[in-house]
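Peer 1: Need coordinates for the below:
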Amino acid sequence: MIPLAVTMGDPCGIGPEITLRACADPRRTVPVVVIGDLRVLARADEVVGTRLTLRPIASVDRAEYTPGTVDVIAGSDLPDDLPRGTVDARAGAAAFQYVRHGIRLALDGDVRALVTGPVNKEALRLAGVPHPGHTEMLADLSGTTDYAMMMADDELRVVLVTVHQSLRTALDAIDTERELGVIRLTHRTLRRGGLPAPRIAVAGLNPHAGENGLFGREDLDVIAPAIRAARDEGILASGPWPADTVFMRARAGEFDVVVAQYHDQGLIPVKYLGLEHGVNITIGLPFVRTGVDHGTAFGIAGTGRADHTSLLTALHHADRLSSLTADRRDRCGRHDRCGRCGRRDRCPGKCR
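Peer 2: Model prediction:
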């Protein structure tokens, strides 16, 4: 039985509470191991009243998956008086260690997928972590260079060309090569997810997608050439479409996914549909990673009011996606583990 790994997120936020609630939820059908701090989780258990037994384990193969029990790989040793609801460098360092441990487990094949709780970017920075968020952390620590963030719910999928950076620097980072790379990666990801010919809408950067150069030439000179190149490769990409209507069109079923140019352009539509049902998926990694689509919610940490639905949704997505990956691995006929096919050593070819 190969489980999913769940990192509990920032110890000062709602991550420990939603982790335990998701573990206790009868709708969870997949085995999990939690990477976190036993004392923090014990405090959270008192707050949310899940009455779970926390069972420390040294490695995944020691997990028992007993009902009413959570198998915990202790990833930190935090003080009992760590304050809830505050930015703390110790919490940032611990959250980083949980993710790093989870990445090792996923790369070694000890877990089927990695599901992440919310982290606080300021706490990460105070702890000296050089990554601005999960996406960059996961990519760097797994040696991945071709990656992107996808946010999805039952109505909409969005992939971002740029992620955690200022809008001014994001504009400079959008070039034809990056644009085409994200379109290709989106196409491959959705094909692996079961869509044989995904319809990819590319959002324009400027108002009205530039209005033929009237409101800026980036859509004409940068984005449109990438779309043409993708179409020449047989990818069903279209646009650039005005961003103020393309998400509505995708939600109505005209497109399978929208490639958005920067963080807020793409994430506001998804989050507006409801934080509780969204999931963050890092595409391009050599393993499946999903996570919640919300933050640490320091304002309600320790109150027991945190909703765990997004984490439960992330678990379901990770279960489904990792099952699809396992099916492809069986069909590829390899006998060793590689970054794409999941075998122990690098396979002699590319598993697609």
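
Peer 1: Quick one: end-to-end length of stretch 126-139, please.
Peer 2: 21 Å (C-alpha to C-alpha, to the nearest Å).

Peer 1: So which residues make contact with that stretch?
Peer 2: Contacts to stretch 126-139, defined as C-beta atoms under 8 Å, 6 or more residues apart in numbering, come from residues 87-90, 92-93, 96, 99, 103, 114, 116, 119, 121, 124-125, 140, 144-145, 147-149, 163-165, 280, 282, 284-285, 289, 291. All C-beta spots, glycine's among them, are computed from the backbone N, C-alpha and C.

Peer 1: That stretch: which residues count as buried?
Peer 2: In terms of neighbour count (16 or more other C-beta atoms under 10 Å), stretch 126-139 has its buried residues at 126-127, 129, 131, 133-139.

Peer 1: One more: stretch 315-326?
Peer 2: Within stretch 315-326, the residues that qualify as buried are 315-322, 325, counting by 16+ other C-beta under 10 Å.

Peer 1: With stretch 259-275 instead?
Peer 2: Using 16+ other C-beta under 10 Å, the residues of stretch 259-275 that count as buried are 259-263, 265-267, 269-270, 273, 275.

Peer 1: how about the strands in the stretch 51-200 of the chain?
Peer 2: 53-57, 69-74, 113-116, 148-152, 157-160, 199-203 (DSSP state E, counting those that start in this stretch).

Peer 1: Burial-wise, tell me which of those strands comes out on top.
Peer 2: Ranked by mean neighbour count under mean count of other C-beta atoms under 10 Å, those are led by strand 113-116, which reaches a mean of 29.

Peer 1: Give the partner strands of that one in its sheet and their orientations.
Peer 2: Using DSSP bridges, strand 113-116 pairs in its sheet with strand 4-7 (parallel), strand 288-292 (parallel).

Peer 1: what about the stretch 1-150 of the chain, any weak spots by pLDDT?
Peer 2: For the stretch 1-150 of the chain, applying pLDDT under 70 flags no range at all.

Peer 1: 80 instead, please
Peer 2: Applying pLDDT under 80 to the stretch 1-150 of the chain flags the ranges 75-76.

Peer 1: Ok, the stretch 251-352 of the chain next?
Peer 2: Filtered on pLDDT under 80, the stretch 251-352 of the chain yields the residue ranges 274-277, 324-352.

Peer 1: Going along the chain, name the helices of it.
Peer 2: If DSSP state H, counting those that start in this stretch is used as the criterion, the helices of the stretch 251-352 of the chain fall at 263-272, 309-332.

Peer 1: would you list those helices in TSV and tack on distance to residue 18?
Peer 2: Conversion of the helices of the stretch 251-352 of the chain to TSV gives the following (distance: least, C-beta to C-beta, whole Å):
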stretch	distance to residue 18
helix 263-272	17
helix 309-332	5
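
Peer 1: With residue 19 as the reference, name the closest of those.
Peer 2: Proximity to residue 19 (C-beta to C-beta) singles out helix 309-332 among these, at 6.8 Å.

Peer 1: re earlier: among the buried residues of stretch 126-139, which are in helices?
Peer 2: When those are checked against helices using DSSP state H, the ones located there are 126, 134-139.

Peer 1: closest to residue 253 among the residues you listed?
Peer 2: Nearest member of these to residue 253, counting by C-beta to C-beta, is residue 135, at 27.7 Å.

Peer 1: And the closest one, how far from residue 141?
Peer 2: Applying C-beta to C-beta, to the nearest Å, the value for residue 135 to residue 141 is 11 Å.

Peer 1: same deal with residue 173?
Peer 2: Residue 173 is 21 Å from residue 141, where distance means C-beta to C-beta.

Peer 1: Report the contact partners of the spatially closest residue to residue 235 that is not a sequence neighbour.
Peer 2: Among residues not flanking residue 235 along the chain, residue 187 sits closest, at 4.7 Å (C-beta to C-beta, 6 or more residues apart in numbering). With contacts taken as C-beta under 8 Å, 6+ apart, residue 187 has the following neighbours: 198, 200, 230, 235-237.

Peer 1: And the pLDDT at residue 187?
Peer 2: At residue 187 the predicted local distance difference test score is 97.

Peer 1: circling back to that earlier point, residue 173 and residue 141: who's more crowded?
Peer 2: Here residue 173 and residue 141 are set side by side on neighbour count (other C-beta atoms under 10 Å), and the busier one is residue 141, at 16 against 13.

Peer 1: Understood, closing this out.
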